[in-house]
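**Q** Pasting a predicted model and its sequence here:
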Amino acid sequence: MPAEKLRYKRTGLIARRSIVLGSLTAIAALAFPAVLRAQADTFRFGLTPVFLSNDLELLRNLQLYLSARLNAPVELVTRRTYQEITALLVSGQIHSAWICGYPFVQFRSALDLVATPIWRGKPLYQSYIIAEHDRKVDDWKQLRGDIHAYSDPDSNSGYLVTQALLTENGLGKGNFFSRYFFTYGHRNVIRAVARGLAQSGSVDGYVWEVMRQLEPELVNQTKIVRRSEWLGFPPIASPKLLASDARIAKLRAALVDMKTDEQGRMILSMLKLDGFAVEDEALFDKIAAKMAIVRAAT
Amino acid sequence: MTTWLHRVTSSRVALRVPLLVALLMIIISAVISDQVLRRLSEMQERNLQGLVESYLDGVSASILPSIMRGDVWEVFDVLDRSASSYASLDLKETIVTGSDGSVIASNHPANRPSFSQLPQEFLDQFRSRMVEVNQKTMEGFVRRDLLYQGQKVGTIFTILDVSHLMGERRNVLVTLLITNGVLAGLFAAGGFWLVSYMIRPIRTLENHMRNSSGGMISLIDNSEIPKGDPEVSRLFHRFNELVKSEHEQRDFARRLAEEEKLASLGRLSSSMAHEINNPLGGLFNAIDTLKTHGSKPGVRETSLVLIERGLIGIRDVVKAMLATYKYERSQTRLSRDDLNDIQILALPELRRKQQELVWEVDFDGTFSVPAGPIRQAALNLMLNAIAATPEKGCVSFGATSNSESLKIEVTDEGAGISDALSPMLTNLDLRNQMNPGQGLGLWVIRQILIELGGSATIERLSTGTRICLVFHQQGTVAHANAA
């Protein structure tokens, strides 16, 4: 079976995903009381690959910190794709999750904003288009014909921003890049470009900058071709279904107070973040606008 | 090769045996090395195949779902991570293609980009599931088709770096060569020592035998006979018995020669007395005639002629006598006079058998060989020829010389020398047994030939036999006038 036939087609992609997730939400709503009763004691917190989820020490510290602050056992739930975590979140199978801005705006009606990370003093980040470090390229338009690595079809920085850019420039018909594939992780996008599997990639600017400090030998094999405008940082969200759950409020407080707690500061130091803050949902309007641009084109 | 082999096989035993041992060791080590390398090669390939199978099993299980989805990243990630897990395999490159043959991912994507097609010459290197080793590039090639529900959904191509295996084989070969070389050397040295030790008694025998060829044959001293080796002891005692027997035979021959000489002297004295007696009768008759009729000039003249002839005959006989006993000249250089003596010495026998002598001596000056032995040998030949030639027959004597050699030829009209006795002259290496009273003259000639390094040939002619003696110049012979 040809590889390209197996890939997602952008046509109808977002709409189909919304239907699936919507259905899951409906099913979850029906089953909700049973689900929550079965898992009454454990607070389930979801993580997407936007987060540096491969650091086991960080995960252990985060779990301990949240358990202590929520005064309840906390289970960290990780999945390979954004879609899986979003489905769990929207369906109420997990109590909260650190998701991307793109799923948040897609399911804004079903989700509450818990807190937003503060990076370099702002709740904002950028999307980068990167290429191999030694490649002579000044402008992203010179990347035409590349094999391009996206992070995730539900990632804002790793997919939506680049799709919106192409659409805005009249290149959104799928013929700008010769081929593309998804790596389901921003770190993987950097690896794919560094190893030459892809000639260019769309990656979370925050992940790229943090990884440059943690794994300079890998990241320095790539270079930034284009930085996007500042966009709302991937937030922590919870399903509206659980708005009355007191632990959501405790979670918000735990995140906001992280910078004042010793263990919390250690977690923030590992994440290279300044802290968490409660922000207005309007922070994600730009992402919503990009989603609208892409949807309009399809 | 055959010349070299011939040299080895014809060399000394002490050298030949160690060399053959070393050669045998080299052949054995070559066979062993070949077997070891063959087994090593088979083991390496078996181990390599096992490792590769294990690697491909792991990779196949991991990537099969990803191949079904055409998931470039997942396939690459598996290949990338498994490369470090199978570091012992020395993977050079692994490429995964989909059912359409296009590359899904390679662990070296810069060489084989995703979505590209593999060239046919590249695919031709992967013939089977078994590892195909290219000795030139030191690479191993193996492929594995990925099946799902009986359908081929993709293929894994793996290139291995097998240089370390080749290096291992090379190291083993070098180790074998060095070890076997050292062993062959040690065996050769040990063999040399052992054989030298074993043939030491043979060498003692050889030394004594070598001395014997120069007339210095001697007994092996009792101190040289090993006490603890009965076989060698027995051999040495046998040799001593032979030497004693040889000594006795020589003494016997010498005594026989002396007796023969005395007998010859007797015969010569008898002939001489006869030769002198004949003219003496005539002389006395002539003196009586002179006494009676000396006044008659005719009678006186005739008587004086008879007396002179008789005295000449007596003088010749005396001259021959002198020639026979020229011992003082026996070690001087040969001159023409020495050969002329032979004519004088043989004359009585020639006369007795009324034979004609053809004398062809083309030889002036001197030749650097001892005169006595040459004259003795030539005289013996002449006497032998006269004896072999019937009465009133003809005997020829010839002598020629050049700067290097002297050639003496004696031709008779009879059998000359029997076939049984011929080897006594023509084969000087042969240890001829001399029968008492038979061929003594020839035995003397043979001894002279051996002593002076001469040679003899016998030629059968239609009218008789020609015997030819050849002697070479010798530097240590004194001049006649210096004696």
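**A** It's in.
**Q** Is residue B:396 in a helix, a strand, or coil?
**A** Secondary structure assignment for residue B:396 (DSSP: H, G, I helix; E, B strand; the rest coil): strand.
**Q** Now do the same contact list for it.
**A** B:357, B:358, B:360, B:409, B:410, B:411, B:412 (CB atoms under 8 Å, 6 or more residues apart in numbering or on different chains). From N, CA and C alone the C-beta is placed, and that goes for glycine too.
**Q** Report pLDDT for it.
**A** You'll see residue B:396 listed with a pLDDT of 93.
**Q** Please report the distance of it from chain A.
**A** 111 Å (CB to the nearest CB, to the nearest Å).
**Q** Please apply the same query to residue B:176.
**A** Taken as CB to the nearest CB, the span from residue B:176 to chain A is 43 Å.
**Q** Nearest spatial neighbour of that residue, chain-adjacent residues omitted?
**A** residue B:33 (4.5 Å; CB to CB, 6 or more residues apart in numbering or on different chains).
**Q** which intervals of chain B have sub-threshold pLDDT?
**A** B:1-14, B:211-217, B:268, B:271, B:320, B:323-331, B:429-440, B:476-483 (pLDDT under 70).
**Q** The stretch 151-298 of chain A now?
**A** A:173.
**Q** need the strands for it, in chain order.
**A** A:179-182, A:200-204, A:222-227, A:231-232, A:236-239, A:275-277 (DSSP state E, counting those that start in this stretch).
**Q** tell me the domain ranges of the chain?
**A** If you meant another chain, say so; for now it's chain A. A:3-123+A:234-285, A:127-228 (automatic domain parsing).
**Q** Correction: the question concerned chain B.
**A** According to automatic domain parsing, the ranges for chain B are B:2-185, B:329-483.
**Q** With distance to residue A:227 as extra columns, can I get those in a markdown table?
**A** Listed next are the domains of chain B as a markdown table, based on distance: least, CB to CB, whole Å:
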| stretch | distance to residue A:227 |
| --- | --- |
| domain B:2-185 | 24 |
| domain B:329-483 | 111 |
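**Q** List the contacts of residue A:263.
**A** A:61, A:64, A:65, A:68.
**Q** Provide the count of other residues in contact range of residue 242.
**A** Since you didn't name a chain, this refers to chain A. Residues contacting residue A:242 under the criterion other CB atoms under 10 Å in any protein chain shown number 18.
**Q** My question was about chain B, not that one.
**A** 14.
**Q** again with residue B:106
**A** So residue B:106, with other CB under 10 Å, has 26 neighbours.
**Q** cool, residue A:217 as well?
**A** Neighbour tally, residue A:217, other CB under 10 Å: 7.
**Q** hmm, who's touching stretch B:373-385?
**A** For stretch B:373-385, using CB under 8 Å, 6+ apart, the contacting residues are B:330, B:334, B:338-339, B:341-342, B:345-346, B:349, B:395, B:397, B:399, B:406, B:408, B:410-412, B:414, B:416-417, B:441-442, B:444-445, B:448-449, B:451-452, B:465, B:467, B:469, B:471.
**Q** The residues you listed in strands, which ones?
**A** B:334, B:395, B:397, B:399, B:406, B:408, B:410-412, B:465, B:467, B:469, B:471 (DSSP state E).
**Q** State the pair within those residues that is farthest apart.
**A** B:334 and B:465 (24.2 Å; CB to CB).
**Q** Show me which of those two is the more surrounded one.
**A** residue B:334 (28 against 22).
**Q** for the more buried one, which residues make a bridge with it?
**A** residue B:367 (DSSP bridges).
**Q** for chain B, longest helix please?
**A** Counting by DSSP state H, the longest helix found in chain B is helix B:230-293.
**Q** Would you mind listing what in chain B touches chain A?
**A** When proximity is defined by CB under 8 Å from any CB of the partner chain, chain B lies next to chain A at B:68-73, B:76-77, B:80, B:98-100, B:102, B:104-105, B:109-110, B:113-115, B:153.
**Q** how about 6 Å then?
**A** Chain B has residues B:69, B:70, B:72, B:73, B:76, B:98, B:99, B:100, B:104, B:109, B:110, B:115 near chain A, with proximity defined as CB under 6 Å from any CB of the partner chain.
**Q** How about the fourth one, nearest residue that isn't a chain neighbour?
**A** Okay, so that is residue B:73. residue A:183 (4.1 Å).
**Q** What about that neighbour? Give its phi and psi, please.
**A** phi -100, psi -10 (degrees, to the nearest 10).
**Q** and it, how many residues sit next to it?
**A** 28.
**Q** try residue B:72
**A** So residue B:72, with other CB under 10 Å, has 28 neighbours.
**Q** my read: it touches residue B:114, true?
**A** Yes. In this structure residue B:72 lies within contact range of residue B:114 using CB atoms under 6 Å: 5.1 Å.
**Q** Now list whatever residues contact both of those two.
**A** The contact sets of residue B:72 and residue B:114 overlap at residue B:105 (CB atoms under 6 Å, 6 or more residues apart in numbering or on different chains).
**Q** Any residues of the stretch 51-200 of chain A in contact with chain B? List them.
**A** Going by CB under 6 Å from any CB, the residues of the stretch 51-200 of chain A near chain B are A:179, A:181, A:183, A:188, A:195, A:196, A:197.
**Q** In contact with the residue nearest to the last one when sequence neighbours are not counted, which residues?
**A** In other words, residue A:197. Excluding the flanking residues, the one nearest residue A:197 by CB to CB, 6+ apart is residue B:109, at 4.2 Å. Applying CB under 6 Å, 6+ apart to residue B:109 gives the contacts A:195, A:196, A:197.
**Q** top of the residues you listed by neighbour count?
**A** residue A:197 (29 neighbours).
**Q** Tell me the backbone dihedrals of it, please.
**A** Dihedral angles (degrees, to the nearest 10) for residue A:197: phi -60, psi -40.
**Q** Hmm, it is touching residue B:74, no?
**A** No. With contact defined as CB under 6 Å, residue A:197 does not reach residue B:74; the gap is 11.4 Å.
**Q** Which members of the contacts of stretch B:373-385 are classed as buried?
**A** B:330, B:334, B:338-339, B:341-342, B:345-346, B:349, B:395, B:397, B:399, B:406, B:408, B:410-412, B:414, B:416-417, B:441-442, B:444-445, B:448-449, B:452, B:465, B:467, B:469, B:471 (16 or more other CB atoms under 10 Å in any protein chain shown).
**Q** Which stretches in chain A count as helices?
**A** Under DSSP H, chain A gives helices at A:3-6, A:13-38, A:56-70, A:82-90, A:101-106, A:161-168, A:186-195, A:205-214, A:216-219, A:246-256, A:262-271, A:285-297.
**Q** And for chain B?
**A** Under DSSP H, chain B gives helices at B:2-9, B:13-69, B:72-85, B:120-123, B:163-198, B:200-213, B:230-293, B:297-324, B:336-352, B:371-388, B:423-426, B:440-452.
**Q** what's the distance between the fifth one and the middle of its chain?
**A** Here helix B:163-198 shows a centroid-to-chain-centroid distance of 31 Å under the convention CA atoms, centre = their mean, to the nearest Å.
**Q** helices and strands around it, which ones?
**A** helix B:13-69 (3 or more CB pairs under 6 Å, 6 or more residues apart in numbering or on different chains; DSSP states H and E).
**Q** neighbours of residue 178, just the number please.
**A** I'll assume chain A. 12.
**Q** Chain B is the one I meant
**A** Neighbours of residue B:178 (other CB under 10 Å): 10.
**Q** Test my guess that residue B:240 contacts residue B:219.
**A** Yes. The criterion here is CB under 6 Å, and residue B:240 meets it with residue B:219 at 5.0 Å.
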